[in-house]
Every structure is written in C-alpha cells, then in structure tokens.
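Enquirer: Please find the sequence and the predicted model below.
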Amino acid sequence: MHINSHFAVGVIFASILNYFFNFNFFEFSFIILFSFICDFDVIFSKFAKDHNHRMLITHSVIPSVLILLLGILINWVLLILSSISYLIHIIIDALDWGTNFFYFPKKQVGFKFLISEEEFENLPKYLSNYKDPSSFFDEKYYKNKVCLGIEISLFILMIIVVLIYAHKFFLIIFLYFPFIWLHLIRHFHLKKIEKDKENDNL
C-alpha cells in the first residue's frame, strides 16, 4: 500500500483514539507520523534484496516492538499508541506484497496478493525485464483494481472518521495530497523509463 493510504489509515486510527484521549495537535500528528514513517526507508532500497525496501529492518515488527517497550519503560502512552500505529503499517504491507515481518529469517512473508507464487519464486527473472526493477512493483500495483478501490475507500473513510471524531484536526487531511502526488510523479517517471527502453529496442 502506498504512503498516502498509510497516512489515511493513520488519520483514521488517530481520530478514533481522539474520542477517548482528546489529543492536542502534536499528539494527534505524532500517531499519524508513525503510521507512514517507515516508508521513507525507500531511499535505502538499493541496499535491500531485489531493491525491495520491505526487506529492510524498518519493515519488520522489530521497530514497533522496540517503540512499545520504550513507551512502557518511560510510561508514555502516546509512544505506546504510536507503536501500534507503526505495527498496523507492517501488517497491512504483509497483505499486498508481503514484508520481512520477523527480519532475522530474511524471508518475505504475508498474503502477497499482488504477486503470484511463480513470480515471487523467480523474482529476479521478472525484474530483469525492466530497466528499473521498481517498475515491476509499480506496474502490478497500478493495474490492480482492488488496490485502487482500497485507496479510494480509505480516502473517503478518512474524511468521514476525522469529521466524526476529530473535526478540529480536519485540515491535516490535506497532507494526503502531497503524498499521492509524489507517488504519481514516481509512477509516471517509471513509465517513461520503461517507454524509453522500449523505444531503444525498436
């Protein structure tokens, strides 16, 4: 799932919690931040297996457990809630592509509904068909109507939930748009790279 959708999930989660905790802006934003912060590990993709940032430790359960333990140790409820927000991100990512959930086995686990077993077992072969290996994942995502439907549904649900439970923080939803813009820019950039490759082969 893309960062804009993780942001939407974070807003939904924080908004529901706001009903019970009556957050200030910092607290509300803090929980949302932890819902998508691990996706910035994409800048280290070149160090990951198959250039897949989900194989990095940041996309395992370890950071959320450490954050949880720290929150318990210093008795900071906000940090405990943020660890749950982080964990939700990892669980969601285990559904579409799978993620290196436990890290140490160095194995990508999860439902992986965006990739077939055959593609998963022979991933280097499929990645070699693209000038940029990231294009494989990008193409699979944007061609999947379920993923696009989920993104739209989460956006609508985010608006509804924040209006019901945290309307004073409504303006924060506008951060959704820069995130989706970044993904679309990347999407069209990758398409251009692959299109140029096709033209070179003609």
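Expert: Here it is on my side, so go on.
Enquirer: The lengthiest helix in the chain: which residues count as buried?
Expert: When secondary structure is assigned using DSSP state H, the longest helix within the chain turns out to be helix 176-201. For helix 176-201, a neighbour-count test (16 or more other Cβ atoms under 10 Å) marks 176, 179, 180, 183, 187, 190, 194 as buried. For glycine as for every other residue, the C-beta is placed from the backbone atoms N, C-alpha and C.
Enquirer: gap between the two ends of stretch 95-113?
Expert: Length of stretch 95-113, first residue to last, Cα to Cα, to the nearest Å: 7 Å.
Enquirer: mind checking how far it is from the chain centre?
Expert: Stretch 95-113 sits 13 Å away from the centroid of its parent chain (Cα atoms, centre = their mean, to the nearest Å).
Enquirer: Next: stretch 150-164.
Expert: Relative to its chain's centre, stretch 150-164 lies at 16 Å (Cα atoms, centre = their mean).
Enquirer: in that stretch, what counts as buried?
Expert: Quick answer for stretch 150-164 (16+ other Cβ under 10 Å): 150, 151, 154, 155, 158, 159, 161, 162.
Enquirer: re the thing from before, report the mean confidence score over the longest helix of the chain.
Expert: Helix 176-201 shows a mean pLDDT of 87 in the predicted model.
Enquirer: Point out the other helices and strands that that helix packs with.
Expert: Helix 176-201 sits against helix 3-21, helix 134-142, with contacts defined as 3 or more Cβ pairs under 8 Å, 6 or more residues apart in numbering; DSSP states H and E.
Enquirer: Least reliable of these by average pLDDT, please.
Expert: Among these, helix 134-142 scores lowest, at a mean of 88.
Enquirer: ok, and for that one, which residues are buried?
Expert: 134, 135, 136, 137, 138, 140, 141, 142.
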